[in-house]
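J.: I'd like to go over a predicted model; first the sequence, then the structure.
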Amino acid sequence: MEFKFFYHFGNFLLMLKGMFSRPENMKMYWKQFMQQCVDIGVGSFGIVFIISLFMGGVTTLQTAYQLVSPIIPKSTIAQVVRDTIILEFAPTLTSIVLAGVVGSKIASELGNMRISEQIDALEIMGINTKGYLIAPKILAAVLMIPVLVAIAGFLGIWGGKEAGELSGVLSGEEFMQGLRQEFKAYNVFFAMAKSYTFGFIIASVSAYYGYNVTGGALEIGKASTTAVVVSCVLVLFMDYALTAILL
């Protein structure tokens, strides 16, 4: 088992090393990068939007259900919702969902190119396929996933406010008062640090499994599944590691 781990880890590092070379045609690399930004960012916005709204709403209602003491002011609900969403739900939950959406797409796309020998054809033409196919995907994920996480944070808090008002748990004024109480800007930095790390993990792990597919259509499916599972496990592991180091 450990030999398999070192084999994959070594191959993964060699793949990353192979990306760093002078681009053959900068315009083509830029076009590929922008295409990936649209696919990862705009393509995943819908699912992030839905998850964030309901995540915020459910957090508000559950926090209100647990804080039943009359001594605790209602604005505390907003404070708990704000910190929960910024510190954990927005970066981690969004990244796990994106591991499924973005990760499987990257793995299956590269796997299909490998099986249909498109990658071999590009290499014969003298193009560095790691730099041309993998680097734009990783750079786009590192750029766009933090943007999606920031949007998820805003939408989650807004969803929490709307849920609180609609259910009559707390008023908009009480919610806004709680949002401003004891706010630490460091929490936002922490969430962004996590999202950059998660973006790199999701794109690079999925690209590794897709790029190294051997066999046929069945293996592409297996590679996509493995990429998503490994990405999710690494996201959760790094979530714990970063929390232990930075908080």
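T.: Everything's here; your move.
J.: what residue lies at the spatial centre of this structure?
T.: For the chain, the residue nearest the mean C-alpha position is Ser95 (2.9 Å; C-alpha atoms, centre = their mean).
J.: now name the helix or strand holding that one.
T.: Taking DSSP states H and E as the definition, one finds Ser95 inside helix 94-98.
J.: packing partners of the helix or strand just after that helix?
T.: Next in sequence after helix 94-98, counting helices and strands by DSSP H and E, comes helix 104-115. In terms of contacts (3 or more C-beta pairs under 8 Å, 6 or more residues apart in numbering; DSSP states H and E), helix 104-115 is packed against helix 185-211, helix 217-246. Where you see a C-beta, it was placed from the backbone N, CA and C, and this is true even at glycine.
J.: deepest of the ones you listed, which one?
T.: helix 185-211 (a mean of 22; mean count of other C-beta atoms under 10 Å).
J.: and the angle for that one with helix 217-246?
T.: Put simply, helix 185-211 runs at 160 degrees to helix 217-246, going by axes from the mean of the first three to the mean of the last three C-alpha atoms, to 10 degrees.
J.: returning to that earlier point: pretty sure the residue nearest to the centre of the chain sits against Ser195.
T.: Yes - the criterion here is C-beta atoms under 8 Å, and Ser95 meets it with Ser195 at 6.8 Å.
J.: in contact with Ala207: list those residues for me.
T.: Applying C-beta atoms under 8 Å, 6 or more residues apart in numbering to Ala207 gives the contacts Met15, Ile106, Ala107, Leu110, Leu133, Ile134, Lys137, Ile138.
J.: ranking the residues you listed by neighbours, who comes first?
T.: Ile106 (32 neighbours; other C-beta atoms under 10 Å).
J.: okay, now Glu109: neighbour count?
T.: So Glu109, with other C-beta under 10 Å, has 18 neighbours.
J.: cool, and Leu122?
T.: 15.
J.: so what's it up against?
T.: Thr129, Tyr132, Leu133.
J.: ok, now Val48?
T.: By C-beta under 8 Å, 6+ apart, the contact set of Val48 is Thr94, Val97, Leu98, Leu148, Ile151, Ala152, Leu155.
J.: report the longest helix in this structure, please.
T.: When the chain is parsed with DSSP state H, its longest helix is helix 135-167.
J.: now do that helix and helix 185-211, the angle between them.
T.: Counting by the same axes, to 10 degrees, helix 135-167 points 130 degrees away from the direction of helix 185-211.
J.: what number of residues lie near the nearest residue to Leu93 once chain neighbours are set aside?
T.: Sequence neighbours aside, Met55 is the residue nearest to Leu93 in space, at 6.4 Å (criterion: C-beta to C-beta, 6 or more residues apart in numbering). Neighbour count of Met55, defined by other C-beta under 10 Å: 22.
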